[in-house]
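Chemist: Sequence plus predicted model, see below.
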Amino acid sequence: MTEPNTPRTLKTVTTATEVIDALATLDSAGVTALADHLGLSKSTTYTHLQTLESAGLVTKHGTDYQLSYKFLQLGEYVKHRSLLYQVGKPEVDRLADDIGQYCHLVSEENGRGVNLYKIRGETAVGDEYQAAKLQHRDRLHMTAAGKAILSALERERVEEIIETHGLPRWTEHTITDPDELFETLSEIRERGYAYNDEEEIEGLRAVGAPICDREGLVLGALSVSGPTSFLKGGTFRQAIPERIVSAANVIEVNINMSKQSDKLAGDQ
């Protein structure tokens with residue numbers, strides 16, 4: 001029985017999304033393997049695959065099915081309609097040119113971090129890992145951009161995210177205690193930027209700053225990541241934070257100016 005405040009959903013659509021997620025996990029799969037993975041009957045799995053194939057979302061190669069390039073087109077559409085991406089990309093490019101490390105533009109959705117854009121600086125390392133991150137959503141509590149975003153959210157929203165996604169440990173430096181996290185978020189709000197000190201990967205550090213609109217709504221965050229051999233001493237503690245905060249402020253100003261331009265255009 002459906003709970004009173006639970007929104008109605010269509011089971012067929014829910015199952016179709018599960019099929020899509022499974023194909024993304026398995027890369028490609030035949031009907032039997034996919035049915036076993038999902039715990040569905042082969043006939044149900046086949047029907048959903050046929051429906052998704054007719055919609056152009058799935059393609060068949062031999063006996064295996066995989067996601068189609070239509071998702072790439074849809075993803076590009078979603079990305080390019082984002083004002084944060086439109087305005088933030090040029091500044092992220094400049095930051096990568098100046099610093100030479102990986103620079104990231106991140107937004108939050110459903111309690112996880114989404115990498116809208118990232119670019120490799122000339123001396124950056126970890127290409128394979130950084131490419132993989134574009135295909136997954138980040139845990140907010142262990143990345144610099146994620147903690148910067150959390151610091152700009154209401155406490156109740158952060159508590160909801162912790163309740164939903166937990167605080168899993170990835171390294172010995174990962175914050176896994178809610179009280180410690182809230183204390184860290186308070187420090188981030190006070191100084192204006194966040195650190196990731198080997199909390200996601202040992203040997204990797206990052207600095208991030210939130211990006212908010214004029215009403216204080218957090219839109220996302222900007223960050224720079226690099227090996228501890230580069231992000232150390234004054235570079236990690238002062239030079240990069242100052243550059244990150246400045247870049248985030250430029251993006252905020254440009255976003256606000258873009259919104260004001262739209263208002264002026266509509267006021268003619």
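Modeler: Nice, I can see it. Numbering: from 1, shown residues only.

Chemist: mind checking the backbone torsions on K118?
Modeler: Dihedral pair for K118: phi -150, psi 150, per degrees, to the nearest 10.

Chemist: Leaving out sequence neighbours, find the closest residue to it.
Modeler: Excluding its sequence neighbours, the residue lying closest to K118 (CB to CB, 6 or more residues apart in numbering) is H104, at 4.5 Å. The way it works is simple: take the backbone N, C-alpha and C, and place the C-beta from them, glycine included.

Chemist: Pretty sure that neighbour sits in a strand.
Modeler: Yes - per DSSP: H, G, I helix; E, B strand; the rest coil, H104 lies within a strand segment.

Chemist: how about the strands of the stretch 1-150 of the chain, start to end?
Modeler: 58-61, 64-67, 102-109, 112-119 (DSSP state E, counting those that start in this stretch).

Chemist: Let me know which of those is the nearest to T45.
Modeler: strand 64-67 (9.5 Å; CB to CB).

Chemist: K79 contacts Y85, correct?
Modeler: Yes - with contact defined as CB atoms under 8 Å, K79 and Y85 form a contacting pair (5.4 Å).

Chemist: residues shared between the contacts of the two?
Modeler: 116-117 (CB atoms under 8 Å, 6 or more residues apart in numbering).

Chemist: isn't H48 right up against T17?
Modeler: No - using CB under 8 Å, H48 is not in contact with T17; the gap is 9.9 Å.

Chemist: Which one's more surrounded, these two?
Modeler: Taking other CB atoms under 10 Å, H48 and T17 do not tie; H48 has more neighbours (24 against 11).

Chemist: I'd like the distance between the more buried one and T25.
Modeler: 16 Å (CB to CB, to the nearest Å).

Chemist: picking that back up, show me what the residue nearest to K118 is bridged to.
Modeler: K118, S223 (DSSP bridges).

Chemist: For it, grab the count of nearby residues.
Modeler: Residues near H104, counting by other CB under 10 Å: 28.

Chemist: Point out where the stretch 1-150 of the chain drops to low pLDDT.
Modeler: 1-9 (pLDDT under 70).

Chemist: Name the stretch among the strands of the stretch 1-150 of the chain that sits most buried.
Modeler: strand 102-109 (a mean of 24; mean count of other CB atoms under 10 Å).

Chemist: Now do it and strand 112-119, the angle between them.
Modeler: Angle, strand 102-109 to strand 112-119, by axes from the mean of the first three to the mean of the last three CA atoms, to 10 degrees: 150 degrees.

Chemist: dump the residue contacts of T44.
Modeler: With CB under 8 Å, 6+ apart, T44 has these contacts: 15, 35.

Chemist: tell me which residues in the helix or strand where D179 lies are buried?
Modeler: In the assignment (DSSP states H and E), D179 maps to helix 178-191. Buried residues in helix 178-191, counted by 16 or more other CB atoms under 10 Å: 181-182, 184-185, 188.

Chemist: Take the residues you listed and write them to TSV, including distance to A131 and pLDDT.
Modeler: Output for these, formatted as TSV (distance: CB to CB, whole Å; pLDDT from 0 to 100):
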residue	distance to A131	pLDDT
L181	28	98
F182	33	98
T184	29	98
L185	29	98
I188	28	98
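
Chemist: quick one: which of these is nearest I175?
Modeler: Nearest to I175 among the buried residues of helix 178-191, with distances taken as CB to CB, is L181, at 4.9 Å.

Chemist: doesn't I161 make contact with that closest one?
Modeler: No - contact criterion CB under 8 Å: L181 and I161 do not qualify, at 10.2 Å.

Chemist: low pLDDT regions in the stretch 151-268 of the chain?
Modeler: Looking at the stretch 151-268 of the chain by pLDDT under 70, you get 260-268.
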